[in-house]
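[1] Okay, here's the prediction I keep looking at, along with the sequence it came from:
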Amino acid sequence: ALQALMLLSLIIVMVQLHRNKNKHSTISYYLLRVLGLYSILVLTIGPIPLYNIFIQAVSCRENDPLRGNVACYTGVHLANTVLAIFGIVIFTFFCLFMEILCIDLNPSSDIPFARPQSSVGLLKLIAKVGMPLYIALDYDVSLVCEKL
């Protein structure tokens, strides 16, 4: 629901900015503020928990203690899987969109863009997606601590 709400607010802001080139309405002003806050969330800590939620909703194992007796890919689990795939697509779009548009490589510089955008942000995003994916795929791991 959060992803759909942000997508809807982005569409509203884009339409209002295209329609009224010089005047900004109060709604577009506050929606731009909300989108700015959301972009900070997307660029910093948002991908790890959200991708973890989405991947856990898509993955299914028989006899999972967290899900109980819910059958895989039927009924409620199928609805959660479809919504999770929809959420992954929209959130990945927002991650890439914000990564390209929000260039903040040198915030203390007087020049707005002190250097061209590097691929470090995309590598961080891949790592933020890879960690929840690894946790979901390596579900049955057992850690053994041995005394020295």
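    Noted; the coordinates are in hand. Numbers count the residues shown, from 1 in each chain.
[2] Low-confidence stretches in the protein?
    Applying pLDDT under 70 to the chain flags the ranges 18, 22-24, 63-68, 102-118, 139-145, 148.
[3] Using the neighbour-count criterion, name the buried positions in the longest helix along it.
    In the chain, with assignment by DSSP state H, the single longest helix is helix 76-101. Applying a neighbour-count criterion of 16 or more other C-beta atoms under 10 Å, the buried positions in helix 76-101 are 77, 80-81, 83-84, 87-88, 91, 94-95, 98-99. Bear in mind the C-beta positions are built from the backbone N, C-alpha and C, glycine included.
[4] could you check the angle helix 76-101 makes with the next helix-or-strand element following that helix?
    Remark: after helix 76-101, the chain's next helix or strand is helix 120-137, criterion DSSP states H and E. Taking axes from the mean of the first three to the mean of the last three C-alpha atoms, to 10 degrees, one finds helix 120-137 and helix 76-101 inclined to each other by 160 degrees.
[5] Return the member of the buried residues of helix 76-101 nearest to residue 33.
    Comparing these against residue 33 with C-beta to C-beta places residue 98 closest, at 14.9 Å.
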